[in-house]
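Chemist: this one's structure only:
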Ligand code: AMP
C-alpha cells in the first residue's frame with residue numbers, strides 16, 4: 001500500500017510497543033519530569049490541540065528556543081504531527097543571527113524555556129512579524145514574565161489527550177534548522193516527514209546496540225541543532241528511553257545525571273566528553289551502566305577515543321551535517337576487525353566510519369574529476385541520499401553553490417574513503433592549510449598534539465606567511481603550566497614531515513567555541529593572525 005510516512009507514527013508506535021520506556025528531563029535543580037511514551041503521546045495530542053486552537057495551520061513555522069527537555073520533545077511531535085514545521089533555533093547564536101533567522105522563517109509562534117525568555121522578549125521589537133511567545137513552564141514558573149506571553153502547561157491543560165492526526169503527503173515539510181552560519185548568513189535546512197522517518201529507520205539499523213528497549217540514551221547534542229542527531233525520532237522508534245540533560249553539559253553535571261539515571265549510551269561533541277573524562281578521572285570510576293559513546297560534530301581525537309575504550313566504553317565516531325538530517329556515517333567496527341590487533345582496531349575507530357544506508361559518498365578533485373575510494377585519493381566530499389537536502393530553504397544562490405549538476409550535495413569537507421567504505425575526514429575545506437603549494441591537515445596535527453599529556457585542548461589554524469602562503473600555528477590549552485613549545489613540536493615530529501610542523505605555539509586559557517560547541521577557528525584566525533604578524537614585525 002502506498003501509505004505516507006508520518007513522524008507522529010514513531011511516537012504512537014512507541015506508546016503501544018514500549019509502554020515502559022519514556023523520557024526523563026533534568027534541570028539544574030534536579031529531575032523535573034519523568035514520562036512514559038504513552039504519557040508523552042497523550043501530552044503531544046494536547047499540545048497539538050492547543051496549536052490548532054491558536055490558529056496554526058499546515059505549513060506554518062512554529063519555533064522552539066530551548067534546551068533538551070521532555071517539553072521540547074513534545075513540540076517536535078505536536079508541531080510536525082499537525083502538519084506545521086518545527087523550527088529549532090539555537091540560543092547560542094548572536095542577536096543579529098536570531099533576528100535574521102526568525103524573520104527568514106516567518107515564525108508564527110515561539111516556544112521558549114523560561115531562562116531564555118528575556119532574550120526572545122528583547123528581540124521582539126526587531127522582528128518583522130509578531131510571533132506569539134509561549135514559555136515552556138507551568139503557572140508557577142510564569143511569575144517573572146510580562147507582556148503577551150502564554151504558559152505552556154496552561155494552554156495544553158484543557159485539551160483532550162487524543163486527537164485525529166491528519167494524514168499528510170509524506171513530502172510535507174516537518175522541520176527546519178539553520179546552519180550556524182560562521183561565514184555569511186545562516187542557511188535553512190528543511191526536512192520532510194519522509195526524510196525524517198527514513199533517517200530514523202537508517203540510524204536505528206546502523207546502531208542497533210545503542211538503540212533498543214532497555215537502553216537509556218543521553219543526547220548531550222542539542223535538540224535546537226541538527227535534530228539532536230535524530231535521537232528524538234530514533235529513540236521512540238526503537239524503544240530506547242531518553243535522558244534529557246537540560247542546559248548543564250559540564251562534566252560533573254553529566255556524570256551525576258548519567259550515574260543516577262544509569263545512562264547506557266551518550267551522544268555529543270568531543271568538547272563535552274573531555275569534561276566528562278576529567279570527572280571520570282576525579283571520581284575514579286565510570287557512571288553506572290555507561291556502555292557506549294557516540295561522538296561527532298567535529299573530529300574526535302584518537303587519544304580521547306582510546307581513553308574511553310580503555311575503560312570498556314565502546315566509542316562510535318560519527319560524522320554528519322545539518323544538511324544531512326544529520327548522520328552520514330558511523331564508526332562501529334565490522335566483524336572483519338574482530339580478530340585484528342588492537343592497534344588496527346583503534347586506527348579504524350579514529351576514522352569517521354562507514355556510510356549509513358541511504359547515504360552515498362563521492363570524492364572529487366578540485367578539477368572536478370571523480371576519485372577512487374582507495375584509501376589514498378583525497379578530495380572534496382559530496383553526498384546524496386533520502387535524508388540529504390536538495391536545496392536550502394528559500395535561498396537559491398546558496399543552493400546553486402551547494403548542489404552539483406548531477407544533484408550531489410557538496411559538504412565542504414575534504415576526505416578519503418577506504419575500499420571497505422571507511423571515511424576519513426582530512427579537514428574542513430576552509431581549515432586546510434596550504435603551505436608552499438602543499439596541503440597540511442589541521443585535524444591530523446591536532447590529533448597528534450592531543451596525544452601529549454600536557455595538552456588539554458588544541459587547534460591548528462593557518463596564519464598568512466609571505467614566503468609559503470600559509471603556515472600552521474598550534475594553539476594549546478595546557479593541562480597545567482604551559483609546556484616548552486619546542487618539546488610539543490618535537491612530539492609531533494615523529495608523525496609529520498618537517499615542513500608540516502607548526503612554526504610556533506600559542507597558549508590560551510580556553511578556546512573560543514561556535515554556537516554548536518565546536519572550536520571556532522574563524523575567531524582564532526581573526527584574533528591570532530594579526531597578532532602573529534605584529535609579533536613578526
Ligand atoms: P553541522 O552542520 O553544524 O553539524 O556541521 C557539519 C560539519 O561538522 C561537517 O561538515 C564536518 O566539517 C564537521 N564534522 C561533523 N562530524 C565530524 C567528525 N566526526 N569529524 C570531523 N568533522 C566533523
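Modeler: All right, it came through fine. Since the model is a prediction, treat every value here as computed from it, not as a measurement. Numbers count the residues shown, from 1 in each chain.
Chemist: where along the stretch 1-150 of the chain do the strands fall?
Modeler: 22-27, 30-36, 61-65, 85-88, 109-112, 132-135, 149-151 (DSSP state E, counting those that start in this stretch).
Chemist: nope, the stretch 401-537 of the chain is what I meant
Modeler: Counting by DSSP E, counting those that start in this stretch, the strands of the stretch 401-537 of the chain are 409-417, 423-428, 433-435, 438-440, 455-465, 469-478, 504-507.
Chemist: Distance to residue 252, mean neighbour count and mean pLDDT added to those strands, as JSON lines?
Modeler: Heads up, the C-betas are built off the backbone N, CA and C, glycines and all. Formatted as JSON lines, the strands of the stretch 401-537 of the chain follow (distance: least, CB to CB, whole Å; neighbours: other CB atoms under 10 Å; pLDDT from 0 to 100):
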{"stretch": "strand 409-417", "distance to residue 252": "34", "mean neighbour count": "21", "mean pLDDT": "97"}
{"stretch": "strand 423-428", "distance to residue 252": "31", "mean neighbour count": "21", "mean pLDDT": "95"}
{"stretch": "strand 433-435", "distance to residue 252": "36", "mean neighbour count": "18", "mean pLDDT": "91"}
{"stretch": "strand 438-440", "distance to residue 252": "37", "mean neighbour count": "17", "mean pLDDT": "90"}
{"stretch": "strand 455-465", "distance to residue 252": "16", "mean neighbour count": "21", "mean pLDDT": "94"}
{"stretch": "strand 469-478", "distance to residue 252": "19", "mean neighbour count": "21", "mean pLDDT": "95"}
{"stretch": "strand 504-507", "distance to residue 252": "25", "mean neighbour count": "18", "mean pLDDT": "94"}
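Chemist: Relative to the ligand, which of the strands of the stretch 1-150 of the chain is closest?
Modeler: Among the strands of the stretch 1-150 of the chain, strand 85-88 comes nearest to the ligand, with 12.5 Å by CB to the nearest ligand atom.
Chemist: Now that closest one: average pLDDT?
Modeler: For strand 85-88, the mean per-residue pLDDT is 98.
Chemist: The ligand contacts on the stretch 51-200 of the chain?
Modeler: Taking CB under 6 Å from any ligand atom as the measure of proximity, the stretch 51-200 of the chain contacts the ligand at 179, 180.
Chemist: circling back to that earlier point, make a markdown table from the strands of the stretch 401-537 of the chain and add distance to the ligand to it.
Modeler: Formatted as a markdown table, the strands of the stretch 401-537 of the chain follow (distance: least, CB to the nearest ligand atom, whole Å):
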| stretch | distance to the ligand |
| --- | --- |
| strand 409-417 | 5 |
| strand 423-428 | 4 |
| strand 433-435 | 15 |
| strand 438-440 | 16 |
| strand 455-465 | 13 |
| strand 469-478 | 17 |
| strand 504-507 | 23 |
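Chemist: So for residue 253, which of those sits nearest?
Modeler: Nearest of the strands of the stretch 401-537 of the chain to residue 253, taken as CB to CB: strand 455-465 at 19.0 Å.
Chemist: ok now that closest one, how far from the chain's centre?
Modeler: 23 Å (CA atoms, centre = their mean, to the nearest Å).
Chemist: what residues are up against residue 532?
Modeler: Shown in contact with residue 532 (CB atoms under 8 Å, 6 or more residues apart in numbering): 463, 473, 504.
Chemist: shaky segments in the stretch 101-250 of the chain?
Modeler: Filtered on pLDDT under 70, the stretch 101-250 of the chain yields the residue ranges 181-183.
Chemist: residue ranges for the helices of it, please.
Modeler: Secondary structure of the stretch 101-250 of the chain by DSSP state H, counting those that start in this stretch: the helices cover 117-123, 152-157, 193-206, 231-238.
Chemist: With mean neighbour count as new columns, can these be given to me in JSON lines?
Modeler: Shown next, in JSON lines, are the helices of the stretch 101-250 of the chain (neighbours: other CB atoms under 10 Å):
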{"stretch": "helix 117-123", "mean neighbour count": "17"}
{"stretch": "helix 152-157", "mean neighbour count": "18"}
{"stretch": "helix 193-206", "mean neighbour count": "23"}
{"stretch": "helix 231-238", "mean neighbour count": "27"}
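Chemist: Make a markdown table out of these and add distance to residue 332.
Modeler: Shown next, in a markdown table, are the helices of the stretch 101-250 of the chain (distance: least, CB to CB, whole Å):
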| stretch | distance to residue 332 |
| --- | --- |
| helix 117-123 | 39 |
| helix 152-157 | 38 |
| helix 193-206 | 8 |
| helix 231-238 | 15 |
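Chemist: Out of those helices, flag the one nearest residue 47.
Modeler: So among the helices of the stretch 101-250 of the chain, helix 152-157 is nearest, using CB to CB, at 5.1 Å.
Chemist: re earlier: which of the contacts of residue 532 sits closest to residue 159?
Modeler: In terms of CB to CB, no member of the contacts of residue 532 lies closer to residue 159 than residue 473, at 57.2 Å.
Chemist: my guess is the closest one contacts residue 460, does it?
Modeler: Yes - Residue 473 is within contact range of residue 460, at 6.9 Å (criterion: CB atoms under 8 Å).
Chemist: Which neighbours do those two have in common?
Modeler: Both residue 473 and residue 460 are contacted by residue 502, under the criterion CB under 8 Å, 6+ apart.
Chemist: ok so, going back, tell me the one of the contacts of residue 532 nearest residue 115?
Modeler: Proximity of the contacts of residue 532 to residue 115 (CB to CB) peaks at residue 473, which lies at 37.3 Å.
Chemist: what's near enough to touch the closest one?
Modeler: So residue 473 contacts 460, 461, 462, 463, 502, 503, 504, 505, 506, 528, 532 (CB under 8 Å, 6+ apart).
Chemist: Out of those residues, which comes closest to residue 516?
Modeler: Residue 516 has its nearest neighbour among the contacts of residue 473 in residue 461, at 18.2 Å by CB to CB.
Chemist: In JSON lines, list the contacts of residue 473 along with distance to residue 397.
Modeler: Output for the contacts of residue 473, formatted as JSON lines (distance: CB to CB, whole Å):
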{"residue": "460", "distance to residue 397": "31"}
{"residue": "461", "distance to residue 397": "28"}
{"residue": "462", "distance to residue 397": "26"}
{"residue": "463", "distance to residue 397": "30"}
{"residue": "502", "distance to residue 397": "36"}
{"residue": "503", "distance to residue 397": "38"}
{"residue": "504", "distance to residue 397": "39"}
{"residue": "505", "distance to residue 397": "40"}
{"residue": "506", "distance to residue 397": "36"}
{"residue": "528", "distance to residue 397": "31"}
{"residue": "532", "distance to residue 397": "34"}
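Chemist: which of those residues sit farthest apart?
Modeler: 462 and 505 (14.9 Å).
Chemist: For the stretch 251-400 of the chain, what lies in contact range of the ligand?
Modeler: So the stretch 251-400 of the chain meets the ligand at 296, 297, 298, 299, 317, 318, 319, 320, 321, 322, 326, 352 (CB under 6 Å from any ligand atom).
Chemist: From these, list just the buried residues.
Modeler: 296, 297, 298, 299, 317, 318, 319, 320, 321, 322, 326, 352 (16 or more other CB atoms under 10 Å).
Chemist: Now, the residues you listed that are in strands?
Modeler: 317, 319, 320 (DSSP state E).
Chemist: Which phi and psi values does residue 137 adopt?
Modeler: Main-chain torsions, residue 137, degrees, to the nearest 10: phi -160, psi -180.
Chemist: State the distance from it to residue 359.
Modeler: Separation of residue 137 from residue 359 (CB to CB, to the nearest Å) stands at 39 Å.
Chemist: for the closest residue to residue 91 other than its chain neighbours, what are its contacts?
Modeler: Closest residue to residue 91 apart from its sequence neighbours, by CB to CB, 6 or more residues apart in numbering: residue 116 at 5.4 Å. Residue 116 makes contact with 65, 66, 91, according to CB under 8 Å, 6+ apart.
Chemist: For the first one, the count of nearby residues, please.
Modeler: Which is residue 65. 25 (other CB atoms under 10 Å).
Chemist: Repeat that for the second one.
Modeler: Neighbour count of residue 66, defined by other CB under 10 Å: 26.
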